[in-house]
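Undergrad: The following comprises the amino acid sequence and a computationally predicted model.
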Amino acid sequence: MTQETWLLTGGAGYIGAHIADEFIRAGKSVVIYDSLYQGLEHRIQYLRTKHNIDIPLIKADIRDYNELEGVIRTYKIDGIVHTAALKAVGESMEKPDEYFEVNLTATNELIDIAKRNNVKKFIFSSTAAVYGSPDTMDPCCEDGPKAPISPYGDSKYQAEAKVTAFINTPGNHGTSLRFFNVVGTAAPELLDNSVENLVPIVLGKLNKGAAPEIFGTDYPTKDGTCIRDYVDVRDIARAHLAAADATQPLPPALNIGTGRGASVREVIDLVLAAINKTDTQVIESPRRSGDPAFLCADINLAKSAMGFTAQYSLEASVKSLF
Ligand code: UD1
């Protein structure tokens with residue numbers, strides 16, 4: 001079989017670079033397309049050295065459709081993993097138009113370009129944010145209620161529809177993968193550089209000598225703090241490989257999580273234990289608006305459709321950061 005060539009949009013990002021690492025390890029050829037707005041070139045340099053191969057990096061905006069089409073033709077792309085996106089939930093409330101342009105319009109255009117150029121495989125990075133803020137304590141099922149509460153979640157949810165239409169075309173293959181809360185790293189060089197999510201925020205505070213902060217301790221959960229499904233980025237990468245290599249047609253969307261919930265307090269305790277600072281004071285603050293008490297993945301569909309289950313424990317994910 002000839003080697004498949006995959007275009008990874010957003011491939012210099014935290015998640016995209018881990019997918020590149022996994023695809024190269026599995027013998028696929030990858031081409032990275034990234035604006036470097038959030039992506040980091042040194043991640044690709046690290047992968048080039050690690051795997052001792054050339055990895056093309058095209059520095060361009062996902063809205064540069066001429067460039068995108070040129071790249072897909074030049075490299076004779078077989079499949080696309082589309083992770084390029086804007087991803088800050090709070091920012092999406094302030095700049096909804098930009099979020100829809102980058103996350104929805106550009107995804108639609110990319111799929112049209114893919115169709116024109118005979119690309120048959122498409123895997124889309126979606127998010128648990130499509131479920132919004134459920135008021136139940138049940139794991140989210142793919143075909144359950146979708147009610148995004150931010151332009152970020154809404155733009156991803158609407159983009160899924162175009163992906164579904166693409167994969168429903170005979171001969172095409174792919175799915176939308178809905179990531180839950182992503183943590184961990186395969187290497188220090190690939191670390192998450194964002195300042196948006198719980199673990200990076202806590203680490204940032206500890207590095208500055210500040211106290212970690214819990215948003216809300218009066219939720220109806222075991223310790224009063226919010227429960228989330230933290231899934232390792234290496235498992236996210238494995239899920240993409242499983243989707244790329246699946247021989248059966250995939251459902252239009254699949255949750256990628258562990259199926260296990262951890263509370264904010266448990267996460268902070270694991271971080272403090274990893275750095276031997278369990279006596280650090282933790283600030284208890286009021287609830288942050290829009291946070292559901294409980295958000296966990298029902299993982300049965302990913303298991304039955306493509307044999308995927310997450311392997312890393314939260315403890316292992318947190319340890320990987322140090
Ligand atoms: C957020 C987004 C979600 C997005 C995900 C990944 C919201 C409502 N949800 O999920 O749409 O898919 O990021 O980008 O914004 N927390 C603290 N202290 C902190 C930071 C966070 O207690 O310093 C708590 C939060 O209140 C939350 C949990 O930690 O309960 C996880 O927060 P976060 O990492 O921001 O992710 P989510 O809010 O679950």
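TA: Good, I have the coordinates. Numbering: from 1, shown residues only.

Undergrad: Assign the nearest residue to residue 178 once chain neighbours are set aside to helix, strand or coil.
TA: If you skip the residues right next to it in sequence, residue 178 has residue 126 as its closest partner in space, 4.6 Å away by Cβ to Cβ, 6 or more residues apart in numbering. In short, each C-beta sits where N, CA and C put it, glycine included. Under DSSP: H, G, I helix; E, B strand; the rest coil, the three-state class of residue 126 is strand.

Undergrad: if I pick the closest residue to residue 222 other than its chain neighbours, what's in contact with it?
TA: When the adjacent residues along the chain are set aside, residue 222 lies closest to residue 263, with 6.6 Å between them (Cβ to Cβ, 6+ apart). Contacts were defined as Cβ atoms under 8 Å, 6 or more residues apart in numbering; by that measure residue 263 touches 221-223, 225-227.

Undergrad: So what pairs up with residue 263 in the strands?
TA: Following DSSP bridges, residue 263 is listed with bridge partners residue 227.

Undergrad: Roughly how far does residue 294 sit from the ligand?
TA: 10 Å (Cβ to the nearest ligand atom, to the nearest Å).

Undergrad: Now do the contacts for that residue.
TA: With contact set as Cβ under 8 Å, 6+ apart, residue 294 has these partners: 134, 136-137, 221, 226-227, 261.

Undergrad: What of residue 138?
TA: Taking Cβ under 8 Å, 6+ apart as the definition of contact, the neighbours of residue 138 are residue 298.

Undergrad: Secondary structure element holding it?
TA: Taking DSSP states H and E as the criterion, no element holds residue 138; it sits outside all helices and strands.

Undergrad: The single nearest residue of the stretch 201-322 of the chain relative to the ligand: neighbour count?
TA: Minimum separation of the stretch 201-322 of the chain from the ligand (Cβ to the nearest ligand atom) falls at residue 226, amounting to 3.1 Å. For residue 226, the count of nearby residues is 25 (other Cβ atoms under 10 Å).

Undergrad: ok, it - contacts?
TA: Counting by Cβ under 8 Å, 6+ apart, the residues that residue 226 touches are 215-216, 219, 263-264, 291-295.

Undergrad: what do you get if the cut-off is 7 Å, keeping everything else the same?
TA: The neighbourhood of residue 226, defined by Cβ atoms under 7 Å, 6 or more residues apart in numbering, consists of 216, 219, 263-264, 291, 293.

Undergrad: go on, residue 301?
TA: For residue 301, the contacting residues are 142, 251, 254-255, taking Cβ under 7 Å, 6+ apart as the criterion.

Undergrad: Which one of those residues sits in the busiest neighbourhood?
TA: Counting neighbours by other Cβ under 10 Å, the top entry in these is residue 255, with 27 neighbours.

Undergrad: Just name the closest of the contacts of residue 294 to residue 19, please.
TA: Closest approach between the contacts of residue 294 and residue 19, by Cβ to Cβ: residue 261, at 25.1 Å.

Undergrad: Settle this for me: that closest one is touching residue 227, isn't it.
TA: Yes - using Cβ atoms under 7 Å, residue 261 makes contact with residue 227 at a distance of 3.9 Å.

Undergrad: Now do whichever strand or helix holds residue 239, average pLDDT.
TA: Assigned by DSSP H and E, residue 239 falls within helix 233-245. What helix 233-245 shows for mean pLDDT is 98.

Undergrad: Quick check: next helix or strand after that helix?
TA: Elements were assigned by DSSP H and E; along the chain past helix 233-245, the next helix or strand is strand 253-256.

Undergrad: Please state the offset of that next one from the chain centre?
TA: Shown here is strand 253-256, whose average C-alpha point lies 11 Å from the average C-alpha point of the whole chain (Cα atoms, centre = their mean, to the nearest Å).

Undergrad: For the chain, what lies in contact range of the ligand?
TA: Contact residues, the chain versus the ligand (Cβ under 6 Å from any ligand atom): 87, 89, 127-129, 153, 181, 196-198, 201, 213-215, 226, 228, 264, 288, 290-291.

Undergrad: still on that earlier bit, contact partners for the residue nearest to residue 178?
TA: Contacts of residue 126 were listed using Cβ under 7 Å, 6+ apart, and they are 156, 160, 176-178, 253.

Undergrad: returning to what we had before: for the contacts of residue 301, name the two members farthest from one another.
TA: Farthest pair in the contacts of residue 301, by Cβ to Cβ: 251 and 255, 10.2 Å.
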